[in-house]
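1. predicted structure and sequence below. I'll ask about it afterward.
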Amino acid sequence: MTKIKATLISEKITSNTTEAQNLFATSRFGERFGEKILYSLPEAFFLVQDKKMDILDYREKKLSQKEILKKFERIDKKFKTKYIVFKDLRKKGYIVKTALKFGAEFRVYDKGEKISKAHSKWILFPVSENKQMTWQDFSAKTRVAHSTKKNLLIAIVDEEGDVSYYEIKWTRP
């Protein structure tokens, strides 16, 4: 497979290549954005590490993984934590998409689900183990999940990069 050529302009990574369209159709990487495919930072970095994508700057100069990581961490201070969780779930066969409109970091589709025919099962909040979460934060996250009719998934990333998942569901007495 020929690598996807994507461009990083400001904070957006896009591609209008045939390879990008094909990968979107088969594996649901990216989102349609007019004629282009728009990638989240974790998606793009995952594809770069998987040797399926090259990211070019506005001058069409290929960026190294080190340059990309530095830029992504500047754009998003929580990038490393989000990426570790994204990579873990994609490697396990889940489809992971951004969930900003839901007030969460990601939405996660169960294995084997067709995104066009199904709704995501979870909204996901990645958290570093050394960050505190207040009861108010936890309560707000559960309310967001409940209002979107999804289960809450909290992913805690430890210092070694291992991820522990906690699923919170609403139950009726």
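-> Cool, the structure landed. Residues are numbered from 1 along each chain as shown.
2. please identify the buried residues of stretch 31-51?
-> Buried residues in stretch 31-51, counted by 16 or more other CB atoms under 10 Å: 36-48. C-beta here means a position set from N, CA and C on the backbone, and glycine is covered the same way.
3. and what of stretch 77-87?
-> Going by 16+ other CB under 10 Å, stretch 77-87 has these buried residues: 79, 80, 81, 82, 83, 84, 85, 86, 87.
4. now do it, average pLDDT.
-> The average pLDDT within stretch 77-87 is 96.
5. name the nearest residue to residue 42, sequence neighbours excluded.
-> Using CB to CB, 6 or more residues apart in numbering and skipping the chain neighbours, the partner closest in space to residue 42 is residue 86 (3.7 Å).
6. got the phi/psi numbers for that neighbour?
-> phi -60, psi -50 (degrees, to the nearest 10).
7. any idea how far residue 131 lies from residue 137?
-> 10 Å (CB to CB, to the nearest Å).
8. picking that back up, what's the residue nearest to residue 42 in contact with, if anything?
-> 42, 43, 46, 96, 106 (CB atoms under 8 Å, 6 or more residues apart in numbering).
9. doesn't residue 13 lie inside a helix?
-> No: Residue 13 sits outside any helix when classified using DSSP: H, G, I helix; E, B strand; the rest coil, being strand.
10. dump the C-alpha coordinates for the helix or strand bottoming out on mean pLDDT in the chain into CSV.
-> When the helices and strands of the chain are scored by mean pLDDT, DSSP states H and E, helix 135-147 comes last with a mean of 84. Output of helix 135-147 as CSV, limited to C-alpha atoms (Å, rounded to 0.1, in the frame of the first residue of the first chain):
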residue,chain,number,x,y,z
TRP,A,135,-16.3,14.1,42.4
GLN,A,136,-17.7,17.1,40.5
ASP,A,137,-15.6,16.2,37.4
PHE,A,138,-16.7,12.6,37.7
SER,A,139,-20.3,13.6,38.1
ALA,A,140,-20.2,15.9,35.1
LYS,A,141,-18.7,13.1,33.0
THR,A,142,-21.4,10.7,34.1
ARG,A,143,-24.1,13.2,33.3
VAL,A,144,-22.6,13.8,29.8
ALA,A,145,-22.6,10.0,29.2
HIS,A,146,-26.2,9.6,30.4
SER,A,147,-27.5,12.5,28.4
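11. show me what it is packed up against.
-> strand 122-128, strand 151-157 (3 or more CB pairs under 8 Å, 6 or more residues apart in numbering; DSSP states H and E).
12. could you give the angle of the last one to helix 135-147?
-> Taking axes from the mean of the first three to the mean of the last three CA atoms, to 10 degrees, one finds strand 151-157 and helix 135-147 inclined to each other by 140 degrees.
13. go on, the first one?
-> Angle between the axes of strand 122-128 and helix 135-147 is 160 degrees (criterion: the same axes, to 10 degrees).
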